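Chemist: pasting a predicted model and its sequence here:
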Amino acid sequence: MTEFIPVASQFCALPDPFPMKRGGELRGARVAFETWGALNAEHSNAVLILTGLSPNAHAASHAGNPEPGWWEAMLGPGKPIDTDRWFVICVNSLGSCKGSTGPASQHPDDQQPYRLRFPDLSVEDGAKAAHAVVRTLGIDQLAVVIGCSMGGMTALAYCALHPNGARQQINISGAARALPFSIAVRSLQRESIRLDPAWNMGEYDDQHYPEAGMRIARKLGVVTYRSSLEWDGRFGRVRLDSEHRDDDPFGFEFQVESYLEGHAKRFIRQFDPNCYLYLSRSMDWFDLGECMGTTTARALASLKLQRSLSIGVSTDILFPLQQQEEIALGIAESGCDSRFVPLNSPQGHDAFLVDIENFGAAIGGFLADA
């Protein structure tokens, strides 16, 4: 069982014990995080970034780790999230295998991996863990909380569970609740892992590893992260040089198949399967209305924010544009200055990672007025 922790990550010890929303508790738990920029004297310039399912806390390079981060083009001096102005914190999600406590971490009772002994994980648990990091750093109120994809769910939970915990929020390709299509896709991903004999009810190791299940799960994910427009533009119907082999009669024939295979192979040994299952299910369970004991619309209208920006992409099939519009309109009911920015990026759900020109303009413009 391997954890993949970036160089120079910092760690925040969570309250001990740390109660989980759906029962159970964690003992000796921690959250990995990284920071950029400097906190001002008033502690009023803090920005928290909450990630999607798979990223670690290394959003951008810094003195302690010069390797490019997963959001390198967005974060840094003079960039849309300007670290000359903002003190930026990025946390690795609770339940992950990138430094925060999760199913791949050691159980305090026997120092063996938690595996399926890990308590049921909710998005709200991730929000509470992120808040513990913020408070440990001496910050009472964030200037901005930014959530991407699953992190958009976590950002809403953060604002709901900690009223006045942030003055502003930026929700990027996020959602206030899981919709049937995305639940169906994630269910298939989890099923592919669980039906791999090597998964063995979570009792696998590096020699007996559910590689086939993880490979299919990742391919399904990548298909939904991008749009049919981009698949057509990048690959069309271009075939591989070798279109047919007698020893593999239904093997890869098209370049798009080879691309998916390469993408999956790079991922499967870099993310723990049990962590994937727990984080995936936490998204399916999330509904901001259920979190606050009311309807989703009323929950959004009750958030205490001064300003809000919701950004979505017209080609996103996993977190469709209507979900970001729902967030913007719902928060506006509170009297908040709530803005909705729909973008036409062809890259689908992953556009915020690659379409820096459009996303950077929207995010940087909002932050410039903060």
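Modeler: It's in.
Chemist: rest of the way, CA atoms for contacts and neighbours
Modeler: OK.
Chemist: tell me where the stretch 51-200 of the chain has helices.
Modeler: Counting by DSSP state H, counting those that start in this stretch, the stretch 51-200 of the chain has these helices, from start to end: 123-136, 150-161, 180-194.
Chemist: dump those to a markdown table, plus mean pLDDT, mean neighbour count and distance to residue 68.
Modeler: Putting the helices of the stretch 51-200 of the chain into a markdown table (pLDDT from 0 to 100; neighbours: other C-alpha atoms under 10 Å; distance: least, C-alpha to C-alpha, whole Å) gives the following:
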| stretch | mean pLDDT | mean neighbour count | distance to residue 68 |
| --- | --- | --- | --- |
| helix 123-136 | 98 | 23 | 23 |
| helix 150-161 | 98 | 27 | 20 |
| helix 180-194 | 98 | 18 | 29 |
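Chemist: save these as TSV, and put in distance to residue 34 too.
Modeler: Shown next, in TSV, are these (distance: least, C-alpha to C-alpha, whole Å):
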stretch	distance to residue 34
helix 123-136	10
helix 150-161	16
helix 180-194	29
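Chemist: between the ones you listed, which one is nearest to residue 369?
Modeler: Ranking those by distance to residue 369, with C-alpha to C-alpha as the measure, places helix 150-161 first at 20.3 Å.
Chemist: which residues of the stretch 1-150 of the chain score low on pLDDT?
Modeler: By pLDDT under 70, the weakly predicted segments of the stretch 1-150 of the chain are 1-3.
Chemist: what about the strands in it?
Modeler: Here the stretch 1-150 of the chain has its strands, by DSSP state E, counting those that start in this stretch, at 10-13, 18-19, 25-26, 30-36, 46-50, 75-76, 81-82, 87-91, 142-148.
Chemist: indicate which one of the helices of the stretch 51-200 of the chain is closest to residue 361.
Modeler: Residue 361 lies closest to helix 150-161 among the helices of the stretch 51-200 of the chain, at 18.8 Å (C-alpha to C-alpha).
Chemist: which strands or helices does the closest one pack on?
Modeler: Judged by 3 or more C-alpha pairs under 8 Å, 6 or more residues apart in numbering; DSSP states H and E, the packing partners of helix 150-161 are strand 46-50, helix 123-136, strand 142-148, strand 166-172, helix 288-292.
Chemist: how about 6 Å then?
Modeler: helix 123-136 (3 or more C-alpha pairs under 6 Å, 6 or more residues apart in numbering; DSSP states H and E).
Chemist: pull the helix it packs on out as PDB, backbone CA atoms only.
Modeler: Listed next in PDB are the C-alpha coordinates belonging to helix 123-136 (Å, rounded to 0.1, in the frame of the first residue of the first chain):
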ATOM      1  CA  VAL A 123     -17.800  15.700   1.300                       C
ATOM      2  CA  GLU A 124     -18.700  17.400   4.600                       C
ATOM      3  CA  ASP A 125     -15.900  15.500   6.400                       C
ATOM      4  CA  GLY A 126     -13.500  16.900   3.800                       C
ATOM      5  CA  ALA A 127     -14.800  20.400   4.400                       C
ATOM      6  CA  LYS A 128     -14.300  20.100   8.200                       C
ATOM      7  CA  ALA A 129     -10.800  18.800   7.700                       C
ATOM      8  CA  ALA A 130      -9.900  21.700   5.400                       C
ATOM      9  CA  HIS A 131     -11.300  24.200   8.000                       C
ATOM     10  CA  ALA A 132      -9.000  22.600  10.600                       C
ATOM     11  CA  VAL A 133      -6.100  23.500   8.400                       C
ATOM     12  CA  VAL A 134      -7.300  27.100   8.000                       C
ATOM     13  CA  ARG A 135      -7.700  27.500  11.800                       C
ATOM     14  CA  THR A 136      -4.400  26.000  12.500                       C
END
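Chemist: contacts for it?
Modeler: 12, 93, 94, 154, 157, 158, 282 (C-alpha atoms under 6 Å, 6 or more residues apart in numbering).
Chemist: also stretch 75-82?
Modeler: Residues from elsewhere that reach stretch 75-82 (C-alpha under 6 Å, 6+ apart): 74, 83, 84, 360, 364.
Chemist: export the residues you listed to a markdown table and append columns for distance to residue 106.
Modeler: What follows is these, written out as a markdown table (distance: C-alpha to C-alpha, whole Å):
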| residue | distance to residue 106 |
| --- | --- |
| 74 | 34 |
| 83 | 35 |
| 84 | 38 |
| 360 | 39 |
| 364 | 40 |
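Chemist: farthest pair in the residues you listed?
Modeler: 84 and 360 (16.1 Å).
Chemist: the more surrounded of the two?
Modeler: Neighbours were counted for residue 84 and for residue 360 using other C-alpha atoms under 10 Å; residue 360 has more, 18 against 13.
Chemist: give the contact list for that one.
Modeler: residue 80.
Chemist: tell me which element it falls in.
Modeler: Assigned by DSSP states H and E, residue 360 falls within helix 356-368.
Chemist: between strand 142-148 and that helix, find me the angle.
Modeler: 160 degrees (axes from the mean of the first three to the mean of the last three C-alpha atoms, to 10 degrees).
Chemist: quick check: buried residues in helix 356-368?
Modeler: Buried residues in helix 356-368, defined by neighbour count with 16 or more other C-alpha atoms under 10 Å: 356, 359, 360, 362, 363, 364, 366, 367.
Chemist: what does stretch 262-280 give?
Modeler: Judged by neighbour count using 16+ other C-alpha under 10 Å, the buried positions of stretch 262-280 are 264-265, 268-269, 271-280.
Chemist: sorry, back to before: make TSV out of the contacts of helix 123-136 and add distance to residue 291.
Modeler: Putting the contacts of helix 123-136 into TSV (distance: C-alpha to C-alpha, whole Å) gives the following:
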residue	distance to residue 291
12	25
93	18
94	18
154	11
157	8
158	11
282	12
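Chemist: which one of those residues is nearest to residue 4?
Modeler: Closest approach to residue 4 among the contacts of helix 123-136 (C-alpha to C-alpha): residue 93, at 13.0 Å.
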